[in-house]
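K.L.:
Sequence and predicted model, in that order:
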Amino acid sequence: MTGNVDVQQIFEIHPSRSQPGLMFGAHALVAMAILVYVEPTWLMLTGLALVGLLAQREVSQLQRFGTVTLKLDPGAGSIELEQGGQPHIYFKYKVYATRWFAILKLVDKQKNRTLILNPDRFDSIQSYRQLRFALCNLEQHSAD
């Protein structure tokens, strides 16, 4: 497998079908905690309104993103993210992998991005696994 280290790989990442529901559920839990623990009433109502607005903003933002294309270039040690026809190349990145999903943190002076990568964002589970494997290899080779 060491001969394939410099091969560019391209992955399409689609909007998640499960993330909006999970995001809404998390905000609902916060709203319930505010209902139970926050007093006086005006402060509770303000907190509920803010949580509701934040939930609406974050869920609509998740739905608006559309398909993202990631191009991994091990030779250059970079990740190119293209969204809406606008490419952006990142040379600093960090992968946080768990058993169920991975978080890809892309760092740049102008524009930082964080992508939550779970299997329902890919055409197949194999594509998801290939991206996770490629990201971990890319991160290992850039650290060397």
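P.N.:
Received the coordinates, thanks.
K.L.:
which residue ranges form the strands in the protein?
P.N.:
Along the chain, counting by DSSP state E, strands occupy 9-13, 68-73, 78-83, 86-90, 92-97, 102-107, 113-117.
K.L.:
what sits opposite the closest residue to residue 13 other than its chain neighbours in the beta ladder?
P.N.:
Using CB to CB, 6 or more residues apart in numbering and skipping the chain neighbours, the partner closest in space to residue 13 is residue 68 (4.5 Å). Backbone N, C-alpha and C define where each C-beta goes, glycine included. Note on residue 68: beta-bridge partners by DSSP bridges are residue 13, residue 83.
K.L.:
Pretty sure residue 68 sits against residue 79.
P.N.:
No. In this structure, residue 68 is not within contact of residue 79 by CB atoms under 8 Å, at 11.2 Å.
K.L.:
and those two? which has more neighbours close in?
P.N.:
residue 79 (25 against 17; other CB atoms under 10 Å).
K.L.:
how close does the more buried one sit to residue 60?
P.N.:
Separation of residue 79 from residue 60 (CB to CB, to the nearest Å) stands at 26 Å.
K.L.:
just residue 81 next, same as before
P.N.:
Distance from residue 81 to residue 60, counting by CB to CB: 21 Å.
K.L.:
same deal with residue 134?
P.N.:
Distance, residue 134 to residue 60, by CB to CB: 31 Å.
K.L.:
Look at those two and report which has more neighbours.
P.N.:
A direct count of neighbours by other CB under 10 Å for residue 134 and residue 60 places residue 134 higher, at 19 against 10.
K.L.:
isn't that one right next to residue 73, touching?
P.N.:
No. Assessed by CB under 8 Å, residue 134 is found out of contact with residue 73, at 10.6 Å.
K.L.:
Next up, the contacts around the most centrally placed residue in the chain.
P.N.:
Closest residue to the average C-alpha location of the chain: residue 115 at 1.6 Å, with CA atoms, centre = their mean. Listed by CB atoms under 8 Å, 6 or more residues apart in numbering, the contact partners of residue 115 are 13, 68, 103, 104, 106.
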